[in-house]
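[1] No sequence on hand, only this structure:
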């Protein structure tokens, strides 16, 4: 049996030779390259700073100098602003639009010679959403039929449910009413002072929904009505223009609240035209005619 003999051992590999150290020239080049890189960064930052400073200086030299505002300049600016602003509505306009949905036209058909009938025209004011209306008695007295026309144009027959002859007042109830009928807000005439603003809304000479404004001229006045012959007391005197057709309409304050019912005008002649004095029944008396307190 033959034995295996290993071959002769291989020759050993020589160890790797170490790299020779860089020469002085190479080292100098590397240092110079690193130094140039740092210098380039510094130059870029410096250049950016110089550009920013130059831009700021350019802006400062080109912008207009600040203006010194005078009081005249401020006043002119305020005036221009006010001129361009939409003015607020007057208190008369506001009061009118508050009371208007509650104002009605009252037409009373009264007998006339020959069997015909003619309409007596007046105004009324809704004091309850159910269709209760305050007006003057002299408008509907002896009427064979009464019609009321609401602010939205709805027309209805109406019935007299109460009267107060001493104050020339009548209370009506409409047979039909609009779905969105608005009742007027009532306020005590005790809040009135001579000189307070008041407005009357009605249908003078048939001109629908007319507004006139004035002031309270007196309180607790007495007046004998030429239409009814009754002497009325505790009346509110005012100078807002009223004429035939205003009778029974509301006298309102600047908040659109009813303080009285227009009932008469004073004219020493036989003409039924306004010459400066009108009278209204205080709302306290008017509300009692309806069988309820004014508040």
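    Cool, the structure landed. What you are looking at is a predicted structure, and each value in this text was computed from that prediction instead of being measured.
[2] how deep is residue 101 tucked in, by neighbour count?
    17 (other Cβ atoms under 10 Å). In this view, the C-beta of every residue, glycine as well, is placed from N, C-alpha and C.
[3] nope, residue 74 is what I meant
    Residue 74 has 10 nearby residues by other Cβ under 10 Å.
[4] Angles on the backbone of it, please.
    phi -60, psi -40 (degrees, to the nearest 10).
[5] change the start of the numbering to 634 and stick with it
    Sure, I'll start counting at 634 from here, so that last one is residue 707.
[6] what does stretch 859-873 contact?
    770-771, 774, 798-801, 822, 825, 831-833, 845-858, 884, 892-893, 896-897, 909-915, 918 (Cβ atoms under 8 Å, 6 or more residues apart in numbering).
[7] Recalculate using a threshold of 6 Å.
    771, 798-801, 822, 831-833, 845-847, 849-851, 853-857, 893, 909, 911-913, 915 (Cβ atoms under 6 Å, 6 or more residues apart in numbering).
[8] now that stretch, how far from the centre of its chain.
    Chain-centre distance of stretch 859-873: 35 Å, with Cα atoms, centre = their mean, to the nearest Å.
[9] and that stretch, what's its mean pLDDT?
    Mean per-residue pLDDT for stretch 859-873: 90.
[10] same question, stretch 909-920
    Here the average pLDDT along stretch 909-920 is 90.
[11] Also stretch 660-667?
    Taken as a whole, stretch 660-667 carries a mean pLDDT of 70.
[12] Kindly report the same for stretch 804-813.
    pLDDT averaged over stretch 804-813 gives 94.
[13] How about stretch 822-838?
    For stretch 822-838, the per-residue pLDDT averages 95.
[14] repeat for stretch 694-702
    71.
[15] hmm, back to that, separate out the buried members of the contacts of stretch 859-873.
    In terms of neighbour count (16 or more other Cβ atoms under 10 Å), the buried residues within these are 771, 798-801, 822, 831-833, 845-847, 849-850, 854, 856, 893, 911-913, 915.
[16] Out of these, which sit inside strands?
    831-833, 845-847, 849-850, 854, 856, 893, 911-913, 915 (DSSP state E).
[17] Max pairwise distance over these: which two?
    846 and 856 (21.5 Å; Cβ to Cβ).
[18] low-confidence ranges in the stretch 684-833 of the chain?
    693, 696-699, 748-749 (pLDDT under 70).
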